[in-house]
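Trainee: Pasting the sequence and the predicted coordinates here, then a few questions.
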Amino acid sequence: MRLRINDKAYKVDVPGDMPLLWVIRDVIGLTGTKFGCGIASCGACTVHLDGRPIRSCGTPVGSVVGKHITTIEAVGQTPTGKKVQAAWIALDVPQCGYCQSGQIMSAAALLAGNPNPSDGDIDAAMSGNICRCGTYGRIRAAIKQAAGAALIAGKEAP
């Protein structure tokens, strides 16, 4: 199978039903995407598939051939991802940090599609991402800060 991950082409010889997470981590060696629950419920394994957040632990690799996959290693190369990562650092969002790659991936996808989300929009987009340390308040603040940076720097500014 041929995969496109972070704008790089990979050829992998794996079963089509192998979870994308294991291809990313164990075959390709990109370990920023984390294993959390294995049943697509916690969000730690979130990556972007053609710009949309998906749970890589529940996605068979055979279903993503020909699509563009972005992991935490490359999300900062996008303008929105860069703003999200900067806000995460500025507000010291992580506590243990384990879930944060998935949180950042979901937040970046939200802001790429909705540069000025309401609290309800944030809740809906982030609802599948679990943080055992409970940093939800800082996560929300970082999303709002990244959105504000987008509004100040972007065309949506008043």
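Mentor: Now that the structure is in, tell me what you want to look at.

Trainee: going forward, measure contacts and count neighbours with C-alpha atoms only.
Mentor: OK.

Trainee: For this protein, which residues score under the pLDDT cut-off?
Mentor: Applying pLDDT under 70 to the chain flags residues 149-158.

Trainee: Residue nearest the middle of it, spatially speaking?
Mentor: The chain has Met105 as the residue nearest its centroid, 1.5 Å off, counting by CA atoms, centre = their mean.

Trainee: Okay, and it sits in which element?
Mentor: helix 100-113 (DSSP states H and E).

Trainee: helix or strand right after that helix?
Mentor: For helix 100-113, the following helix or strand on the C-terminal side (DSSP H and E) is helix 119-126.

Trainee: which residues touch the closest residue to Gln100 other than its chain neighbours?
Mentor: In space, and not counting its chain neighbours, Gln100 is closest to Pro94: 6.5 Å by CA to CA, 6 or more residues apart in numbering. Counting by CA atoms under 8 Å, 6 or more residues apart in numbering, Pro94 touches 88, 100, 135.

Trainee: Can you check the distance spanned by stretch 87-97, start to finish?
Mentor: In terms of CA to CA, to the nearest Å, the two terminal residues of stretch 87-97 are separated by 15 Å.

Trainee: so the residue nearest to the centre of the chain makes contact with Pro53?
Mentor: Yes: shown here, Met105 and Pro53 form a contact pair, counting by CA atoms under 8 Å, at 6.8 Å.

Trainee: so the top helix by length along the chain versus helix 100-113, what angle?
Mentor: Ranked by residue count under DSSP state H, the longest helix found in the chain is helix 136-153. Helix 136-153 runs at 40 degrees relative to helix 100-113, counting by axes from the mean of the first three to the mean of the last three CA atoms, to 10 degrees.

Trainee: picking that back up, so what's the residue nearest to the centre of the chain up against?
Mentor: For Met105, the contacting residues are 46-48, 53, 71-72, 75, 81, by CA under 8 Å, 6+ apart.

Trainee: Next: Tyr98.
Mentor: Residues counted as contacts of Tyr98 (CA under 8 Å, 6+ apart) are 34, 44.
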